[in-house]
Every structure is written in C-alpha cells, then in structure tokens.
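*Asks:* return atomic coordinates for the entry below.
(2 chains)
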Amino acid sequence: MKFFDSKQQAVVDFVPLKPGKVGIYVCGPTVQSAPHVGHLRSAVAFDIVARWLRIGHGYEVKLVRNVTDIDDKILVNAQNLGKDWRELAVEVEAGFNQVYDSLGAGVAHSPHATEHIGGMIGVIERLIERGHAYQAENGTANVFFDTASHPAYGELTNQKLENMEGEAIGGGRRAAHDFALWKSAKPGEPETASWDSPWGKGRPGWHIECSAMTLAELGEAFDIHGGGLDLRFPHHENELAQSRAAGFEFANHWMHNGLVTVSGQKMSKSLGNGVSVEELFELGNPAAVRYWLASAHYRSSLDYSPTSLAEAVSALGRIVNFVRRASEVAEVSVTEMPHEFVEAMDSDFSVPVALGVLHDTVRVGNSALDAGDKDAVAAALGSVVRMADVLGLDLTSNEKVATAETIELIEGLIAKRNQARADKDYAQADLVRAELTAMGITIEDQAGKTVWMWSN
RNA sequence: GGUGGAGUGGCUGAGCGGCCCAAAGCAGCAGCCUGCAAAGCUGUAAAACCACGGGUUCAAAUCCCGUCUCCACCUCCA
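*Replies:* Next up is the predicted model:
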C-alpha cells in the first residue's frame, strides 16, 4: 500500500519498520476548551488509517494520541473560570473522550504531558549535552533549542531559516527561531503548574512533550507521525529537530490531514468561526457526522455547511437502510471486500473512492433484494458490512432503541393504522402515520408487514 | 518575502496521460412499486467545452509555460 508522505512530499510505498507492526503517533488536543470540528476530522482520519492497516493488512497497530494537559491557555482559561487548571484539563479531556468515543475514534494509548515531565527533562539534558540546546543567559530557567546548531532545521516544511519570520529575541533567546524546551515558572502562576528541573522550576515547552511521549510510547524510531496540517510548522518541525538532534531516528513517515473550513476559510478558535460539536450532532447522528468527516479525502480541506452534513445523513441512511432490509432475508457472511475498495484504501486512503464502491455495492444489493436473489443479497450484505467496518461507520445507529413501553405504544399505533388501512379508512391511517412522524418515527410498509425506525 | 495546496455538473466530491462523450452521493424529472407515502429499482435532462490563454502528444481534466482567483503555513491552533 502507498500513501502520501508529507515530509518527502511524495506518495511512498509503506513498509513497517518492524515486520507486522506499525506505530503511529498523532497529535491530540490541548485540553483547554471544548472540542471543535477540526479535532474530530483529525481523529477520524487517523482512526481510519489505523483501521485499514489492521483490517486490510493485518498489522498490529499501536495508535497513540497524546493529551496536552499543561499549557499556557489551560492556565489562563482555568484562571478565568476560577478553577484549578488540573480540574479544567480533566473536565475538558472527558468531553473530548466522549465525543471521540461516540464517533468510534477512541484510542487505547493516550499519554498525558504531565505524566512525562521526567522524560522531557531527559531529552532536554541530552540536547544540551550534544550542544543543541542552551539555558537562557538571563538567569531564568528557560532552555531553548539552538536552531543554528541543527543544519537540517526546516527539513519538514522545506523552509530556510533566513526566509522565515521569527519571534522577537528576548527571555534569553539567542536567535529568532530558537524555541523553548523548558519555560521558567513565572510569578503568579499556580505552584502546581511547575516542576523541578536541573535549570530551575518551570514547565515544558509544547514541542518537547511530543518528542518525549513518542519515545516513551513508540521508541526511538516509529512508523508514522500524524496531525493536522496546521501543526506542520512550527510544532512538527520543532519536534523533528529536537528528536533528530537528540540522536533519535524519530518518525519514518509523516501524514497531515487537511483542515475543516467554513465558507472556504479555516475553522479555528482564533477566527471565531468554529462550529461546535453540539451543533453538528443536532444535524446528524454520530455515524452521519463520521460519514461527513470522511467524505472528503483526508488531505483535502473539508468545507462545513449544514447542507453538506444533511447530504451525509441521507447518504449514510441509504447504506443503513440496505443493511436493515438485507438483514431480514440474509445472514451476514464473511465476504471479501471488493478489489476496487481495497485498491482505493491502499492508494493513500482514498476514502471518497471507497465510499463510491460501497454505494455501488449497496445498489447491487438493493437490486438483488428486489429480485429476491438471496445469495446475491447475502454477498452484498457481507461486503457492505466489512467495508463499513473499515471506515468505522456504525450501521446500527438508528436501530430501535426504546423502552418497552415506547415500543408497545409504537406498535399499537402501527396496528391501529394497519387496521384502518384494511378498512380502507385512509384518512385515519394517515392521521396515525402523522402521529408517528411527530414522534420522530419513519415507517415503511413492506410486503405483509410494517417496520418502523427512528427518523434521521 | 518564503513554503505548500486548490479551482471539475444545481450542491458535495472522485478521477491526475488513452477504459472520461468524467465515479459515487445529494437534489431534480419520468416510470415501476404503494390506497397515498416511505424505502427501493429502472430510466433520464441541463452548456460539467474539467478557472482562463497558449503549448507538448497519435491521445490531456490529467504533462509543460503563462495568467487570474482562492486557501493554508511561516504566532497558539486538529
């Protein structure tokens, strides 16, 4: 299989460093405030990558997504809310996890920055020993990475130091592009937000967290480092520089997912055009949201609009409907995935193409249903279920989950309507149907029976 | 100033030298099915002349050159 390596800027054949095993590290959220759509896109994109490597290739995949739980913004937001920063971090993280889980994009390994302070100090010490980092000469505990000492700096984003805009020199920084590895504790900050280090009390810089956590979770060399396109610079560039300067192989490949836009513009906190997760879930169930998030290639930008989400709801509904109908006449059998699907996934995770194949299979299956060809139905069903599994689409999301009383009520209404139909009292039948519709229920008259499901 | 990416039907969105008189989904129209619907099937319209102008090639949406427009990154951001 091949995918686009965003460091090499080329499509490459993927060969795991260790046969049969794949290590992936994806930059997770800074738990400062509630998740927005961009976080979801990244999570779903890399979840699909991991699923495909597992299901499609049988690799043993370790997918790590970190949690940055100490950061300037967490401290500021906590202070504004009048609560302990650690409490805020825990709360926000719980919110993230709930959303990730509902989308089927939860992760088994989620190291926290605050659990790896020791490892970060270790990497920093190593960098100082090797002459790639220095403590600020202004008497603070600040430690900076010395970009001038690392000629490869800029290799990830193909930039030259002299062309880059830099920060103002200050705080003991020697050069504009040197970045903080360790940040000195400042007066007024909570005591709990600083740790002892050889350079004095302080906390880690953002980039060093990931270098230390990849090392702890995946070792000195691992297969894929992923994250949103907006993290390429400076975050990933700096991570790479640190880890390489410290003598580690680091990531063999890099993958970056495209951003979510609104009317063509990047969705971000700073622009204030964020669409909340709640808003999304009002328009579609989690499976439909996932479908939508996957509906554009992971490297393209994905433009948000209520309409595009509504289309995802309909498109997914088509798949769900097929599986529901097919399941009534056939068992899910273990079936091969269509070649076209496999090829699509193998060529840079072309999910949009894969979805096209999935829909083609659904249409074939629907035709088989109409023709009463049970073998063909079973084949299509098995195939669709497997493909949906690869993409992590939950096809049961509008199954009849309801209390016994509700079910009884619904079935009573359906019986009432069917009696009216039998009596040819269609006005009455339509009234009952309207009642059901108002309850959020859609019904389908099939040969000899009427089935119901939740609308949407 | 530097580094990348993108412009394809009404909408979303694939394709990236010949299988493209361009996938799939959504939306539309007609027929079948239905008491009517829903779901589904079948068929189908529109100038999709693939941003624009040149070029290469037997062959270009796909390659090259130029132009325009848009986006991202170079400050925190998935």
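
*Asks:* for the rest of this, base every contact and every neighbour count on C-alpha atoms.
*Replies:* Fine.

*Asks:* which segments of chain A make up each domain?
*Replies:* Residue ranges for the structural domains of chain A, counted by automatic domain parsing, are given in the record as A:2-257, A:265-391, A:404-454.

*Asks:* how about the residues of the stretch 301-450 of chain A near RNA strand B?
*Replies:* For the stretch 301-450 of chain A, the residues in contact with RNA strand B (CA under 7 Å from any atom of the strand) are A:301-303, A:307-308, A:310-312, A:314-315, A:317-319, A:321-322, A:350, A:352-353, A:355-357, A:359-360, A:362-364, A:366-367, A:369-370, A:421, A:426-427, A:429-430, A:442-446.

*Asks:* got a PyMOL select line for the buried ones in these?
*Replies:* Remark: buried members of these, expressed as a PyMOL selection using 16 or more other CA atoms under 10 Å:
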select buried, chain A and resi 301+302+303+310+312+315+317+319+321+322+350+352+353+355+357+359+362+363+364+366+369+429+442
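
*Asks:* show me the shaky parts of chain A.
*Replies:* Along chain A, segments meeting pLDDT under 70 span A:166-168, A:397-401, A:456.

*Asks:* ok so, going back, among the residues of the stretch 301-450 of chain A next to RNA strand B, which ones are in helices?
*Replies:* Among these, the residues falling in helices (DSSP state H) are A:307-308, A:310-312, A:314-315, A:317-319, A:321-322, A:352-353, A:355-357, A:359-360, A:362-364, A:366-367, A:369-370, A:421, A:426-427, A:429-430.

*Asks:* around the closest residue to RNA strand B within chain A, how many other residues sit close by?
*Replies:* Checking chain A residue by residue against RNA strand B with CA to the nearest atom of the strand singles out A:Gly228 as nearest, at 2.9 Å. Under the neighbour criterion other CA atoms under 10 Å, A:Gly228 is assigned a count of 23.

*Asks:* from what I can see it touches A:Asn257, true?
*Replies:* Yes. Distance between A:Gly228 and A:Asn257: 4.9 Å, which falls inside the contact criterion (CA atoms under 8 Å).

*Asks:* so what sits against both of these two?
*Replies:* Jointly contacting A:Gly228 and A:Asn257 under the rule CA atoms under 8 Å, 6 or more residues apart in numbering are A:Ser42.

*Asks:* on that earlier part again, run through the residues that contact the residue of chain A closest to RNA strand B.
*Replies:* For A:Gly228, the residues meeting the contact criterion (CA under 8 Å, 6+ apart) are A:Cys27, A:Ser42, A:His256, A:Asn257, A:Gly258, A:Leu259.

*Asks:* does the third one count as helix, strand or coil?
*Replies:* Following DSSP: H, G, I helix; E, B strand; the rest coil, A:His256 is assigned to strand.

*Asks:* do a quick rundown of the helices in the stretch 101-250 of chain A.
*Replies:* In the stretch 101-250 of chain A, helices defined by DSSP state H, counting those that start in this stretch lie at A:117-129, A:206-218, A:237-245, listed in chain order.
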